[in-house]
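>>> only the shape, not the letters, is given here:
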């Protein structure tokens, strides 16, 4: 897996659009079949019980699983997918620190692909697992993708 040190990547700062900016994650690694993002938990990521909200975990899993099938190595271009199905199972709790989300593309055809993923805390404890089915949007079927 590449650390993308030779090219720019989404940092989790102001370069993220909309909901992605609200979450505030950063891209750690991304290649043809895997994606890894991290999130430094803040108070707004926690639920009333003081642990990371399941919606935050599910959103991050959805992003990493979709990314696992939409890598685009061409600067100024991107590939897009929509979620057809996402199943999340919560396995642990965390109230602070950095969480790491990984996604891996498992199978796929010309437009539809399947990915699996997991979320772990800084100690390696499993917080959630997921599997999803995604459809590439028009123009995203090839590695060249579409202009940003």
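Perfect, thanks for sending it. Model, not experiment: these values are computed from the prediction.

>>> bridging residues for the closest residue to residue 85 other than its chain neighbours?
Distances taken as C-beta to C-beta, 6 or more residues apart in numbering place residue 133 nearest to residue 85, at 4.4 Å, with adjacent residues excluded. Quick note: C-beta positions are derived from backbone N, CA and C, even for glycine. In this entry, residue 133 is beta-bridged to residue 85, residue 114, by DSSP bridges.

>>> where exactly do the helices run in this structure?
Ranges of helices in the chain, per DSSP state H, are 18-23, 54-67.

>>> go through those and find the least confident stretch.
Lowest mean pLDDT within the helices of the chain: helix 18-23, at a mean of 86.

>>> and that helix, what's buried?
For helix 18-23, burial by neighbour count (16 or more other C-beta atoms under 10 Å) applies to residue 23.

>>> equivalent analysis for stretch 33-52, please.
33-39, 41, 45-46, 51-52.

>>> okay, and which of those residues map to strands?
34-39 (DSSP state E).

>>> return the closest of the residues you listed with respect to residue 142.
residue 35 (18.6 Å; C-beta to C-beta).

>>> which residue sits closest to the closest one, ignoring its sequence neighbours?
That would be residue 67: by C-beta to C-beta, 6+ apart, it lies 3.5 Å from residue 35.

>>> with residue 112 instead?
residue 135 (5.4 Å).

>>> how many residues are close by residue 136?
By the criterion of other C-beta atoms under 10 Å, residue 136 has 22 neighbours.

>>> please look at it and residue 113 and confirm they touch.
Yes: applying C-beta atoms under 8 Å, one finds residue 136 in contact with residue 113, separated by 7.4 Å.

>>> where do the contact lists of the two overlap?
69, 81 (C-beta atoms under 8 Å, 6 or more residues apart in numbering).

>>> what sits against the closest residue to residue 69 other than its chain neighbours?
Spatial nearest neighbour of residue 69, excluding adjacent residues (C-beta to C-beta, 6+ apart): residue 113 at 4.1 Å. Shown in contact with residue 113 (C-beta under 8 Å, 6+ apart): 69, 81, 105-107, 133-134, 136.

>>> now swap in residue 146 and tell me
77-80, 139-140.
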